[in-house]
Structures are given as C-alpha cells and as structure tokens.
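S.K.: Got a sequence here, can you model it:
(one chain, ligands or ions: 2)
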Amino acid sequence: MSKVTVVGAGNVGATVANVLAHQDLVREVVVLDIKGDMARGKALDSWQQASIDNYSTRLTGTENYADTADSDIVVITAGIPRKPGMSRDDLISTNAKIVTMVTKSIMEHSKNPIIIVVSNPLDVMTHAAYKASGLDSSRVFGMAGILDTARYRAFLATALDVSPKDIQAMLLGGHGDTMVPLPRYTTVSGIPVTEMISEEDLDAIVDRTKKGGGELVKLMGTSAWYAPGAAAAQMVASIIRDENRIFPCCAKLNGEYGMNDIFLGVPVKLGKEGIVDIIELKLNEAEMDLLNTSADHVREVMEVFEGLDIS
Ligand SMILES: NC(=O)C1=CN([C@@H]2O[C@H](COP(=O)(O)OP(=O)(O)OC[C@H]3O[C@@H](n4cnc5c(N)ncnc54)[C@H](O)[C@@H]3O)[C@@H](O)[C@H]2O)C=CC1
Ligand SMILES: O=C([O-])CC(=O)C(=O)O
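M.R.: Numbers count the residues shown, from 1 in each chain. Ligands and ions are numbered 1, 2, ... in the order given. Reported below is the predicted structural model:
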C-alpha cells in the first residue's frame, strides 16, 4: 500500500494530507482539487516541511484525475462546509453532486480503491460514494465516529482533569445531533466513567458532544479541520498497517442492529481490505431507541438524496 489520494485541498483535505505525511506511512499522497493551484500549493508547502519534521512521504497537488491512478486509498473531503445557522443536511444538494462526480472520476483511474468519505452530510454522502463507485461496502465508509468520540473524550478529559489518552469511548448513529454517545461503553483507564462523574455532568457532556460540530462552526464561521483531518488519517493508518483497530465509522449495515441498506455509525474493525468486521454491541432498550431515532433521521436525509437530480 503506498498511494493515497485526498480529494479536496481545503481545510480538512489539506490537514489529512499533512497529518498522513507526518505519519510517514505511505510513499505518495496526491491532493486533488478543482482549484489545482491551491492543491499544488498546499502539497508543496507540506513537502517542504518534510526535512524539518523528518518524513519521506511525497506530496503532490493536481486537478487532474489521471494523477490519482492506482490509488490504494482515497479520502473524499470535496464539498462545501456549513456556515453558522446551517445544519449539515443543508449541504446535501451541492455535496451530493460533488461526491458522486468525484467518486466516478476516481473510479476511472483506480480499480479497487478503499474510499473514506468525509464530506457532509456524512452518512448520506458515504451512501452516494458507495453507489457511484460500485465497490463492495467493505471498501466504502465514512469518517465521523472517531471525531465525535474524540470530542467526547476531550470534554471528559477537561471535566475529570485527566489525559484524553486514558479515555476509551464508543458512539453510534448518524453524524448529526442525533448521534448516540454511549456512557455504558466509556471507561477511564478501565474504570467505568459513571464511577467518576455525576449523571448530570455526564449528560451535559453527551449533549455538548452531539452539538460539537456546531459549536465550532459558531466560533469560526466554518467547520472544524484539525481533529477531522487527524481522524481520517487515523483510519488510513489502520488500513495501511493492517492493524484491525476498532473505530466507530459510518458503514453500510447488512442486518446488523436489525437494519439493512443504511449507512450509519457503528464499531468496525479496519484492516488492509477495509472493513473486516462490524461489531454488534448488546444495546439496552434505551440505547436501541436512540439508535433507531438516529437511523430514522438518516433515512429522512436519504429520501432527500433519492429525490435529487444528480446527473
Ligand atoms: N465527517 C466529518 O466529521 C466532517 C466533515 N466535514 C465536511 O468536509 C467537507 C470539507 O470541509 P472543509 O475542508 O472545511 O471545506 P473547504 O471549503 O475548506 O474545502 C473544500 C474543498 O473542496 C473543493 N472542491 C469543491 N468541489 C470539488 C470538486 N468537484 N472536486 C474537487 N474538489 C472540490 C473546494 O475547492 C475546496 O478546496 C465539508 O462538506 C464539511 O462539512 C468537515 C469536518 C468534519
Ligand atoms: O460540523 C460540521 O459541519 C462539520 C462536521 O461534521 C464536524 O465538525 O463534526
């Protein structure tokens, strides 16, 4: 495995490329954007950082899909981000066209890549890429849960005054305000989080996590990029290293959690062929209700997608 393409050289795409280069895991990262000079500029800037930060990964920028030929992994970040007052779902008509077009162009030059989708609204854009690619669903999935749990872990680390490194957490559902952080599956160095924080404080953190993307949009006028970029790069690393790490990712369900034909955040094992396994948690009734509500919301956005004229 040695070639990764990142589509979109904006805030998230440039960060994914830069973090990946720092991991020094792949021979080549190609950054593609309709703004070719922006892609070339950001790739060149990152490449000029190589001797300072000690990596060999070669970065190049382009607007030409021929340069993405034979990519092992493609990370799609192309599309518009939201502005204050918007929901991720408001991006659908613009981003559905972009993600579909990008995926088709990628598939003209790479036979069997793994595609990681980042563009929003995430769950439905992952479906769009899956549909446009014709790839097996084990090779097309979305980044959201690593970011959402990272926010949850950061808020908990602040509240408990501990390192975020020691907080382990799982989260399910769509990448929106209906996402389902799981306190029952949250530990601090093996200690159940519920033994370390009051129910009231934990509820407030769960609520803040659900709205975590919006909090940053409000602060910055556009959406986040450092943690999202690092999260996508972490998925790439698990695949390249064939590590079988378990992360919450947006995956196509084939009967798991009693659902079919829907892309939703669930724990998956990520290895060199993509999703090796989807892990089914033994949810209690309240958790299952929350997951069903989140799935219903994703289905509503799917209906909007099905009604769009993408061609
Ligand atoms: N899944 C997640 O957790 C997250 C998702 N996002 C989403 O990622 C997407 C990108 O966000 P940012 O990087 O902040 O936006 P940005 O505006 O900084 O960058 C987007 C880039 O996409 C490029 N682009 C647009 N159409 C294209 C096309 N047809 N082909 C190639 N490139 C194209 C633009 O020229 C621009 O450089 C947004 O949809 C945003 O909502 C952002 C953060 C987290
Ligand atoms: O909030 C947004 O629009 C971008 C995103 O998905 C996130 O940062 O979680």
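
S.K.: which stretches of the stretch 201-311 of the chain form strands?
M.R.: Assigned by DSSP state E, counting those that start in this stretch, the strands in the stretch 201-311 of the chain fall at 245-254, 260-271, 274-278.

S.K.: Can I get these in a markdown table including distance to ligand 1?
M.R.: (Each C-beta comes from the backbone N, C-alpha and C, glycine too.) Formatted as a markdown table, these follow (distance: least, C-beta to the nearest ligand atom, whole Å):
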| stretch | distance to ligand 1 |
| --- | --- |
| strand 245-254 | 8 |
| strand 260-271 | 10 |
| strand 274-278 | 17 |
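
S.K.: TSV for those strands, including mean pLDDT and mean neighbour count?
M.R.: What follows is these, written out as TSV (pLDDT from 0 to 100; neighbours: other C-beta atoms under 10 Å):
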stretch	mean pLDDT	mean neighbour count
strand 245-254	98	21
strand 260-271	98	22
strand 274-278	98	19
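
S.K.: For residue 156, which of those is the nearest?
M.R.: strand 245-254 (15.7 Å; C-beta to C-beta).

S.K.: Going by proximity to ligand 1, name the top residue of the stretch 1-150 of the chain.
M.R.: Of all residues in the stretch 1-150 of the chain, the one sitting closest to ligand 1 is residue 10 (1.7 Å; C-beta to the nearest ligand atom).

S.K.: residues in contact with the residue nearest to that residue when sequence neighbours are not counted?
M.R.: Spatially, and ignoring its direct neighbours in sequence, residue 10 is nearest to residue 77 (6.7 Å; C-beta to C-beta, 6 or more residues apart in numbering). Residue 77 sits next to 6, 7, 8, 10, 12, 13, 16, 118, 119, 232 when contact means C-beta atoms under 8 Å, 6 or more residues apart in numbering.

S.K.: try 10 Å
M.R.: 6-17, 31, 33, 99, 102, 116-120, 143, 225, 228-229, 232 (C-beta atoms under 10 Å, 6 or more residues apart in numbering).

S.K.: Against ligand 2, which of those make the cut? List them.
M.R.: 120, 228 (C-beta under 6 Å from any ligand atom).

S.K.: What's opposite residue 277 in the beta bridge?
M.R.: Counting by DSSP bridges, residue 277 forms beta bridges with residue 269.

S.K.: wait, doesn't it sit right on residue 138?
M.R.: Yes. Between residue 277 and residue 138 there is a contact under C-beta atoms under 10 Å: 9.3 Å.

S.K.: pretty sure residue 145 contacts residue 173?
M.R.: Yes. Using C-beta under 10 Å, residue 145 is in contact with residue 173, at 8.7 Å.

S.K.: Neighbours of the residue of the stretch 1-150 of the chain closest to ligand 1, how many?
M.R.: 19 (other C-beta atoms under 10 Å).

S.K.: Report whether the expected contact of residue 105 with residue 62 is present.
M.R.: No. In this structure residue 105 lies outside contact range of residue 62 using C-beta under 10 Å: 11.9 Å.
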